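In: Okay, sequence plus prediction incoming.
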Number of protein chains: 2
Amino acid sequence: MPKLGMEPIRRAALVKATIDEIGATGTLDVTVSQIAKRAGMSTALAHHYFGGKTQIFLAAMRHILAVYADEVHAALATADGPLARLEAVVRAGFASSNFRPEVVGAWLNFYVLAQSSLDAQRLLDIYQRRLHSNLVHDLRPLVGDRADQAAARIAGLIDGLYLRRGLQQSAHFDLPAADHVLALLRAELKGTTT
Amino acid sequence: MPKLGMEPIRRAALVKATIDEIGATGTLDVTVSQIAKRAGMSTALAHHYFGGKTQIFLAAMRHILAVYADEVHAALATADGPLARLEAVVRAGFASSNFRPEVVGAWLNFYVLAQSSLDAQRLLDIYQRRLHSNLVHDLRPLVGDRADQAAARIAGLIDGLYLRRGLQQSAHFDLPAADHVLALLRAELKGTTT
DNA sequence: GTTGATATTGATTGACTAGTCAATAAAGAA
DNA sequence: TTCTTTATTGACTAGTCAATCAATATCAAC
């Protein structure tokens, strides 16, 4: 059975299984057994490739952030001009892929973990900085010095609405979240928030 | 030792100990032992009064929501007119008492739990509905039909900024979060978000 | 002063968990 | 062929945890 070069395959399978398992249970309280079984291998092998439970979690979180970064990157590539780029960033944040239960579950548990794990805190910092800098980059030519504070508000609204939408499983009658953020963006452009 | 009428005292002690322990560890992954020891009693007694771990958690969450509701209520009592009332609601949300580590920890874990526990979901719903209705009540006389959507944006910004501020332990150079929300409120009043 | 409710705990049970390790098997190199 | 590296697992260890229970002590009522 032992084919060579299994390491990347096994690692990817474990990362995916971890995310799925977190999504299925809703908590970070998943065992290595559950993850390994879902990934189709023994717990010993999971330990062999990752060393420990914490490292498995961190790898899973890194993966989620990487996927999100790719989506934003792709959306930005086709956008022309600051305004279109801003809209692309906002819409990418609310893409339906981000609302799959396992992704929402991973994010929420990510927040919890960021309280106690320095590595998680660092990862979260990277995400927040990247979003902030993306926003400021395209807000600057539109609103000048107010870009920084406008970006803080827009980023906050993105996170807050994501939290609220991610948490309600029921169909919502409300405006799409992205449109709410774009409404705030409009106000920022008119300078009425100062 | 056994004095009568201990039940409410023990229950309150356990609720407080639970919140403190969640704040100290950062996770919901606290044991009944830890909670009971912190509350100065045996684990058996904790089970005796609450039945199980889940019920202890729910009682703790109910307590946090009740305290928050009281704060909002008190802030509203001294506010005169819709605008002052809106400001009071916003400022109450960002009162420093809400940023104590154990409160932030409880909230984040509350969000996680709301994914899998129907009771937690219900409690969260109550909080969200109450905030929304508080906002709409005082926005209506100011912006009319736009009140509902404006409230959704403001509530989202409150939650999002709370999340971001609660998560960063470092001192922040940025604008106070409440002022960001008030900036959005100003834009809503001028009708520039539509 | 007996009965019954309340308060309280130490000890125990049974289930589960992260991580280790020795053993096995294939693949490639020498 | 023999040796080394990679892949893989079953069995095991040592520990933890929620929940139960029997036992004990106090108070109130009758």
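Out: Nice, thanks for sending it over. Note that the structure is predicted; figures quoted are calculated from it, not measured.
In: all contacts plus neighbour counts: C-alpha atoms, from now on.
Out: OK.
In: got a pLDDT number for A:Thr194?
Out: For A:Thr194, the pLDDT comes out at 78.
In: A:Ala114 now?
Out: 89.
In: wait, isn't it in contact with B:Leu167?
Out: Yes. Between A:Ala114 and B:Leu167 there is a contact under C-alpha atoms under 8 Å: 7.4 Å.
In: these two touch, right, A:Met61 and A:Asn109?
Out: No. Using C-alpha under 8 Å, A:Met61 is not in contact with A:Asn109; the gap is 9.7 Å.
In: hey, where'd the helices end up in chain A?
Out: Counting by DSSP state H, residue ranges of the helices within chain A are A:7-25, A:32-39, A:43-50, A:53-77, A:81-93, A:101-114, A:118-143, A:147-167, A:177-190.
In: Tabulate those helices (TSV), appending mean neighbour count and distance to B:Ala120.
Out: Formatted as TSV, the helices of chain A follow (neighbours: other C-alpha atoms under 10 Å in any protein chain shown; distance: least, C-alpha to C-alpha, whole Å):
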stretch	mean neighbour count	distance to B:Ala120
helix A:7-25	19	15
helix A:32-39	19	25
helix A:43-50	15	32
helix A:53-77	17	25
helix A:81-93	19	26
helix A:101-114	23	15
helix A:118-143	17	25
helix A:147-167	23	11
helix A:177-190	21	23
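In: Format these as a markdown table; extra columns: distance to DNA strand C.
Out: Formatted as a markdown table, these follow (distance: least, C-alpha to the nearest atom of the strand, whole Å):
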| stretch | distance to DNA strand C |
| --- | --- |
| helix A:7-25 | 11 |
| helix A:32-39 | 4 |
| helix A:43-50 | 4 |
| helix A:53-77 | 4 |
| helix A:81-93 | 31 |
| helix A:101-114 | 15 |
| helix A:118-143 | 16 |
| helix A:147-167 | 25 |
| helix A:177-190 | 36 |
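In: need the least confident one among those helices, by mean pLDDT.
Out: helix A:177-190 (a mean of 86).
In: Contacts for it, please.
Out: Residues from elsewhere that reach helix A:177-190 (C-alpha atoms under 8 Å, 6 or more residues apart in numbering or on different chains): A:87, A:90-91, A:94, A:142-143, A:150, A:154, A:157-158, A:161-162, A:165, A:193, B:149, B:153, B:184, B:187, B:192-194.
In: same thing but at 6 Å, please
Out: Contact partners of helix A:177-190, identified using C-alpha atoms under 6 Å, 6 or more residues apart in numbering or on different chains, comprise A:91, B:192-193.
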